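> pasting a predicted model and its sequence here:
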Amino acid sequence: MSEERFNELRGEQVVYAIHRQDRTFLPARDHCPLDATRPGGPETEIPVPAFEIAVFDNRFPAFTAPHGAAEVVVYTDDHDGSLATLAPARAEALMWVWRHRYLELGARKDVEYVFIFENRGVEVGVTLHHPHGQIYGYPFLPPVPALELAADARLGGCAPCALLAEELSAGGRLLHQNDGVVAYVPFAARWGYEVHVTMREHRASLAACSAEELRLLAEALQTVVRGFDALFERPFPYVMAVHQAPTGGDRSPSAAGGGHLHVEFYPPLRTAEKLKYLAGSEQGAGTFIGDMLPEESAAELREAIARGA
């Protein structure tokens, strides 16, 4: 069981899940628990010899019913694959899996916010190399989506809509766009190569997207990750975070208010070999000190996306 405690000075919940201390950590290649279970091989979390996409409860969960949820989403049975290397149809199918889990978890009374994310690379603390993401069903509204709702109130409307309009007008930080989605380095990026992938139309969540919009979202996400990998000609570490409307626990996710579906990438690299560490100013004062201007990193990423296409 996890334990929640409220940090009064920061005004936020802290969750203690001490059983996670013993979770699997960078196992040998032939003992990956996210591989398919091969005949004569070790038993894994996925008891079939081949699969497309797998979803299961996290063995070392931060949250469990009746106080939230924690799931693992395995993108492919190819241990050496990535979001970038999935076939387009598989990437599109992943969007539908995300949508399904958002709806199902969000309908639970003990889930206030469904958070879909991926940690990629040892630089961000990944413990399993096999391409996968996670889904947390928070039993409370976390600080970041709460801040986004506060931004809506401060701007008198949808903040991501307003920011997207500014990026489209400025143009210099745009990376990629299609009929449904726009990818850009935000004006006030905190990470050197931070990227936001935002729906053109106001869509509160994956549940509000059309089939074509889900396809276009998958296409944009793959384009960005391929560009990342091409930038320094190496697998690019990042945290990918899917931001969408809170579910409100006892309310239907499809009817949830607030939020605009967008995906944010937080890559820790500031050069091919140097990391951006969260040190004194970032952790102690809560203020990021950037090492490059967003316009500069956007120009680099546009070139890398062209190479990675």
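Yes, it's here. None of these values were measured; they are calculated from a predicted model.

> helix/strand/coil for the residue nearest in space to the middle of the chain?
With distances taken as C-alpha atoms, centre = their mean, residue 241 lies nearest the centre of the chain, 2.3 Å away. Of the three states, residue 241 takes strand according to DSSP: H, G, I helix; E, B strand; the rest coil.

> list the contacts of it.
115, 116, 117, 263, 264, 265, 266 (C-beta atoms under 8 Å, 6 or more residues apart in numbering). (C-beta placed from N, C-alpha, C; glycine too.)

> which of those residues sits closest to residue 129?
residue 117 (16.7 Å; C-beta to C-beta).

> quick check, the closest one in contact with residue 238.
No - with contacts counted by C-beta atoms under 8 Å, residue 117 stays clear of residue 238, the gap being 10.3 Å.

> can you redo the contacts of residue 241 as a markdown table with distance to residue 193, neighbour count and secondary structure?
Putting these into a markdown table (distance: C-beta to C-beta, whole Å; neighbours: other C-beta atoms under 10 Å; DSSP: H, G, I helix; E, B strand; the rest coil) gives the following:
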| residue | distance to residue 193 | neighbour count | secondary structure |
| --- | --- | --- | --- |
| 115 | 22 | 19 | strand |
| 116 | 21 | 24 | strand |
| 117 | 17 | 17 | strand |
| 263 | 14 | 23 | strand |
| 264 | 12 | 20 | strand |
| 265 | 8 | 23 | strand |
| 266 | 9 | 18 | strand |
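
> tabulate those in TSV, adding columns for distance to residue 84 and pLDDT.
Output for the contacts of residue 241, formatted as TSV (distance: C-beta to C-beta, whole Å; pLDDT from 0 to 100):
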residue	distance to residue 84	pLDDT
115	22	98
116	17	98
117	17	98
263	14	98
264	17	98
265	12	98
266	17	98
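
> roughly how far does the residue nearest to the centre of the chain sit from residue 22?
26 Å (C-beta to C-beta, to the nearest Å).

> where does the residue of the chain positioned farthest from its centre land in three-state SS?
Within the chain, the residue lying farthest from the chain centre (C-alpha atoms, centre = their mean) is residue 40, at 34.9 Å. Of the three states, residue 40 takes coil under three-state DSSP.

> next one, pLDDT for it please.
The model reports residue 40 with a pLDDT of 87.

> cool, and residue 250?
pLDDT, residue 250: 52.

> again with the one 10 residues further on
You'll see residue 260 listed with a pLDDT of 97.

> and it, what is it in contact with?
Applying C-beta under 8 Å, 6+ apart, the residues contacting residue 260 are 158, 159, 160, 161, 198, 199, 202, 203, 204, 243, 244.
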